[in-house]
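1. Prediction below, plus the sequence it came from.
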Amino acid sequence: IFIFFGKIISDPNNYYFTTEGDGFKAYYGAIYHMQHDTGMTHLEGMNYPFGEMVFFTGSQPFIVNSLKLVSNHFVDLSDHVVGIINMIMILAILAAAIILYLIFSELGLSWRYSSIVAVGICMLSPQIARMGGHFSLSYLFWIPWMIYLLIRYDKKPSWKISLQMALVTFLAAGTHLYFVGFYGFMIGFYWFNYVWKKRNMLKAYFNGFVSFLVQFVLPVVIIQLIISMNDSVVDRTALPYGFFVYKAHPVGILLPSAFPYDFVPRYITVFRHIQWESLAFVGVAGLSAFLYGLFNFIKKAVGFNVFWKVSDSSILNQLFWASFAALLFSFGIPFILGLEGLADWLGPIRQLRALARFSWVFFYMLNIVLFYWLYKKVLVEKAKPKWIVITVLAVSFLLFDDFCNISNGISRLANRNLMLEDKSNLTKINEWAKSINPDDFQAIFPLPYFHVGSENIWIDSKNGTAELTMNLSLKTGLPTNGVILSRTSIEQTYLNYHLTTEPLNYSNVLDQLPNDKPFLLLINKSAYLNEDEQRIANAATLLYENEKFILERLEVQDIKALPDLYKHEVFTKLTQNEFVKSGECWVSNSNLYVDFSNYEKIEKIPYKAWVTLYDKSLDGVKSGRKFYVSFWVEDYMRDGRMRANIELIQKNKIDNSTTNYFYSDIHRHIKAFDGNKALVEFTFETKTNDEKIILSIRNKVLKNDDTIIHGLLIREEGQFLLTEKSDQYFINSRILPKSIAKKIRF
């Protein structure tokens, strides 16, 4: 630890394992909750004005709330959150090594051998990589700890150990719910095996049920009760993205891919197609053990011998096969075998969307069994000298792989954050702090806006906007309506997003604000603002500007006035044109292309099926012309509704060759909201004359409900289409006030 982490340990409070992405978000949540939140269960820093329940923020509530209690009653630790979190993550490696040592000791191995392989296994752990981002998954000791308790319980069952297992399950669940999934395989498989062996004994069923209830079910229920009692949100997604995406792959488990083995992906190209989540290399020794074990497994199975015993320890055999079952689950089995529908019955387990992480249990058990087996082979069975050589090689490769695993990632963990480090705002980087008084504002409004966490829309942070926003939030104590969280409310997501879309109408989120103080508008100069975000920026007053960002004062009344300003903007554009009749509608320029033939048609998009909305040639249109495609989606707040996919294919009319292919999600192109409808709009440019356009849409998420699409309009840039229906006017699918419509020249 001192060799690899000595630099960080020397000044833990000023080094960040990462200053961007999920990792910095974890730091942000912990610091903000510690320094600015008054309660224990709610993070006010993001998703303003609603905030978020701490268990959905990644801010490690058990650790931070413990620090809050100490700070409130004993010693103020609020300025040392980063250092404490860093040291806990680092010391978790030591804790894991100690627990692995205790496992081998419990199995009767010598202390010298146990010490070396315990250190080796924990330093090779795939959880080491989580120190660069997913902090709550980086605590290496949780999986070995449950293995150790199960070994002890199997040796001598007692209620004392059962209660220890319950406590560990509770604490691990409070760290991250993935550990609940891992423990479910381990404890569940143990008791299934127990009941199976004694299936004719009624007492065995009772013991198994009660023990599983105490060791696993009860602590999980308690943690869920704590969450539900403190969480008022009822519309979190039940369909998180990634359940069928973030799967493990055999090559990611069994083969290395980083230095010095980076030649492997050059020859085994499947590495290019698997997720980073899939990488959990078991080590060269582990790979050799797996191949040797697979050979013996097949050999024994063909000979009808006892093939399931991987060692002479019954409990290790049970835990190994539990880990192997977890490995198969990490591959997506049984779902990838045409049984995707089973996922609908998983309930809360569906939230553990990165199935690949379940392979971690296999990593630990494969290496534990391997080095236990080698010890028994050499020192107990007194095997031939070749096994001594094999054991030395196995341990040597383990330690070599340790060095590579740590050194490949450790250089990226020692980062400084100069803006936060300058607490007195004396350096140029914090010169902006002199220009504002945080008490004058209610929250930070970032542009470009970002919102990741609802699993229904993904508005990604652009060019470091999220990191910049979090830094300013921590410096000022102001919350932000930007979001990088886990499972935010769907309704709250759209309420906040409404502020940054085309202001067709009043944003209801403004009624949720606790006061009339202005927003501190933060504009990232290195990122592009769309026309709706620029409209917000134009309504604000400049406070400060440097080469990286702009700070402006945005009054709530100015936000409320945006719809009226927008109507005036539309009126100005429309009065510059004279509309002519085109069928039952009017157009502003008869020389520009427009197709509203499917405007009144209502399309129902069934589950998984591609439905073609448009398949025509743009006759008379030259290459290089910009077009807008728009349509309305009904009931956009329905979970999964806006995760439908768009496919636009452009073809040369002469030879039918594809000139351009566009594929995206409709939530990435939301332009405006109106009632329960969302307007989707995107652009394309013609590549050839008279180009053929094929527009299709599908929804792979919603199974029992069709996606309803209507109002399809394809128009050339500069073209305005005026329609009338039920005594209402619409301009390019948007409702047009009658007061404006009456002033248009026909």
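-> Here it is on my side, so go on. Numbers count the residues shown, from 1 in each chain.

2. which residues sit in contact with the residue nearest the centre of the chain?
-> When CA atoms, centre = their mean is applied to the chain, the residue found nearest the centroid is Ser486 (6.4 Å). Residues in contact with Ser486 (CB atoms under 8 Å, 6 or more residues apart in numbering) are 56-58, 453. Backbone N, C-alpha and C define where each C-beta goes, glycine included.

3. Local confidence estimate at the residue lying closest to Ile459 once chain neighbours are set aside?
-> Excluding its sequence neighbours, the residue lying closest to Ile459 (CB to CB, 6 or more residues apart in numbering) is His451, at 4.4 Å. Looking at His451, its pLDDT stands at 97.

4. what does Asn577 give?
-> Asn577 is given a pLDDT of 84.

5. remind me which residues of this protein are low pLDDT?
-> Nowhere does the chain drop to pLDDT under 70.

6. quick one on the thing from earlier: Trp196 versus the residue nearest to Ile459, what's the distance?
-> Look at His451 and Trp196: by CB to CB, to the nearest Å, they are 48 Å apart.

7. any chance of the contacts of Ser486 in a markdown table, with secondary structure too?
-> Below are those laid out as a markdown table (DSSP: H, G, I helix; E, B strand; the rest coil):
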| residue | secondary structure |
| --- | --- |
| Phe56 | helix |
| Thr57 | coil |
| Gly58 | coil |
| Gly453 | coil |
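
8. so which of these comes closest to Asn515?
-> Distance ranking of the contacts of Ser486 against Asn515, using CB to CB, places Thr57 first at 23.8 Å.

9. Near that closest one, how many other residues are there?
-> 29 (other CB atoms under 10 Å).

10. ok, and the closest residue to Phe212 other than its chain neighbours, which helix or strand is that part of?
-> Excluding its sequence neighbours, the residue lying closest to Phe212 (CB to CB, 6+ apart) is Trp191, at 4.7 Å. Element membership for Trp191, per DSSP states H and E: helix 178-197.

11. Past that helix, which element shows up next along the chain?
-> Counting by DSSP H and E, what follows helix 178-197 is helix 202-212.

12. Let me know the angle separating that following helix from helix 178-197.
-> Interaxial angle of helix 202-212 relative to helix 178-197 (axes from the mean of the first three to the mean of the last three CA atoms, to 10 degrees): 170 degrees.

13. Give the next helix or strand downstream of helix 202-212.
-> As assigned by DSSP H and E, the chain's next helix or strand after helix 202-212 is helix 218-229.

14. what's that next one in contact with?
-> 53, 55, 166-167, 169-170, 173-174, 180, 348.

15. do that again at 7 Å, thanks
-> 53, 55, 166, 169-170, 173-174, 180 (CB atoms under 7 Å, 6 or more residues apart in numbering).

16. now swap in stretch 55-75 and tell me
-> 22, 25-26, 29-30, 33-34, 40, 43, 54, 77-78, 81, 84-85, 88, 135-136, 171, 174-175, 227, 485-487.

17. next one: stretch 506-525
-> 49, 436, 440-448, 463-465, 468-469, 472, 478, 495-496, 498-499, 537, 540, 548-556, 559-560, 563.

18. In helices, which of those appear?
-> Applying DSSP state H to the contacts of stretch 506-525, the entries found in helices are 465, 468-469, 472, 495-496, 498, 537, 556, 559-560, 563.

19. buried stuff in the strand or helix carrying Val64?
-> Val64 is part of helix 61-73 when elements are defined by DSSP H and E. If you call a residue buried by 16 or more other CB atoms under 10 Å, then helix 61-73 has these buried ones: 61-65, 67-68, 71.

20. One more: stretch 582-602?
-> Going by neighbour count (16+ other CB under 10 Å), the buried part of stretch 582-602 is 586-588, 592-596, 598-599.

21. Can you add distance to Phe209 and give the ones in helices among the contacts of stretch 506-525 back as JSON lines?
-> Output for the ones in helices among the contacts of stretch 506-525, formatted as JSON lines (distance: CB to CB, whole Å):
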{"residue": "Thr465", "distance to Phe209": "52"}
{"residue": "Leu468", "distance to Phe209": "53"}
{"residue": "Thr469", "distance to Phe209": "50"}
{"residue": "Leu472", "distance to Phe209": "54"}
{"residue": "Leu495", "distance to Phe209": "45"}
{"residue": "Asn496", "distance to Phe209": "46"}
{"residue": "His498", "distance to Phe209": "50"}
{"residue": "Ala537", "distance to Phe209": "62"}
{"residue": "Val556", "distance to Phe209": "57"}
{"residue": "Ile559", "distance to Phe209": "58"}
{"residue": "Lys560", "distance to Phe209": "59"}
{"residue": "Pro563", "distance to Phe209": "61"}
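
22. could you flag which of the residues you listed are buried?
-> 465, 468-469, 472, 495-496, 498, 559.

23. Just give me the closest of these to Arg698.
-> His498 (26.1 Å).

24. Give me the distance between the nearest residue to Lys548 once chain neighbours are set aside and Ile550.
-> Leaving aside its sequence neighbours, Lys548 sits nearest to Lys525 (CB to CB, 6+ apart; 6.0 Å). Counting by CB to CB, the separation of Lys525 from Ile550 is 6 Å.

25. Between these two, which has more neighbouring residues?
-> The neighbour count for Lys525 versus Ile550, taken as other CB under 10 Å, is higher for Ile550 (18 against 12).

26. Grab the nearest non-local neighbour of the more buried one.
-> In space, Ile550 is closest to Ile523, 4.1 Å off (CB to CB, 6+ apart).

27. So which residues of the stretch 1-150 of the chain form helices?
-> 2-10, 21-35, 61-73, 81-106, 111-124, 142-155 (DSSP state H, counting those that start in this stretch).

28. Select, out of the ones you listed, the one closest to Gln650.
-> Each of the helices of the stretch 1-150 of the chain has some distance to Gln650 by CB to CB; the shortest is helix 21-35, at 34.8 Å.

29. Check what contacts that closest one and list those residues.
-> Counting by CB under 7 Å, 6+ apart, 16-18, 43, 45, 54, 57-60, 64, 67-68, 78, 81-82, 85, 132-135, 467, 470, 473-474, 484 sit against helix 21-35.

30. How far off centre is it?
-> Chain-centre distance of helix 21-35: 15 Å, with CA atoms, centre = their mean, to the nearest Å.

31. and if you look at stretch 488-503?
-> Worked out by CA atoms, centre = their mean, stretch 488-503 lies 19 Å from the chain centre.

32. And for stretch 573-586?
-> Counting by CA atoms, centre = their mean, stretch 573-586 comes out at 47 Å from the chain centroid.

33. ok, now stretch 231-249?
-> Worked out by CA atoms, centre = their mean, stretch 231-249 lies 9 Å from the chain centre.

34. CA atoms only for it, dumped as PDB, please.
-> Output for stretch 231-249, consisting of C-alpha atoms alone and laid out as PDB, is shown next (Å, rounded to 0.1, in the frame of the first residue of the first chain):
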ATOM      1  CA  ASP A 231     -38.000   8.300   0.200                       C
ATOM      2  CA  SER A 232     -41.100  10.100  -1.100                       C
ATOM      3  CA  VAL A 233     -40.400   9.400  -4.800                       C
ATOM      4  CA  VAL A 234     -42.800   6.800  -6.300                       C
ATOM      5  CA  ASP A 235     -41.900   7.000 -10.000                       C
ATOM      6  CA  ARG A 236     -38.300   5.700 -10.200                       C
ATOM      7  CA  THR A 237     -37.600   3.600 -13.300                       C
ATOM      8  CA  ALA A 238     -38.400  -0.100 -13.200                       C
ATOM      9  CA  LEU A 239     -36.500  -0.500 -16.500                       C
ATOM     10  CA  PRO A 240     -32.900   0.700 -16.100                       C
ATOM     11  CA  TYR A 241     -30.800   0.600 -19.200                       C
ATOM     12  CA  GLY A 242     -28.000  -1.900 -19.500                       C
ATOM     13  CA  PHE A 243     -29.400  -5.200 -18.100                       C
ATOM     14  CA  PHE A 244     -28.800  -6.900 -21.400                       C
ATOM     15  CA  VAL A 245     -25.800  -4.700 -22.300                       C
ATOM     16  CA  TYR A 246     -23.300  -4.800 -19.400                       C
ATOM     17  CA  LYS A 247     -22.700  -8.500 -19.500                       C
ATOM     18  CA  ALA A 248     -19.500 -10.300 -18.700                       C
ATOM     19  CA  HIS A 249     -17.700 -12.300 -21.500                       C
END
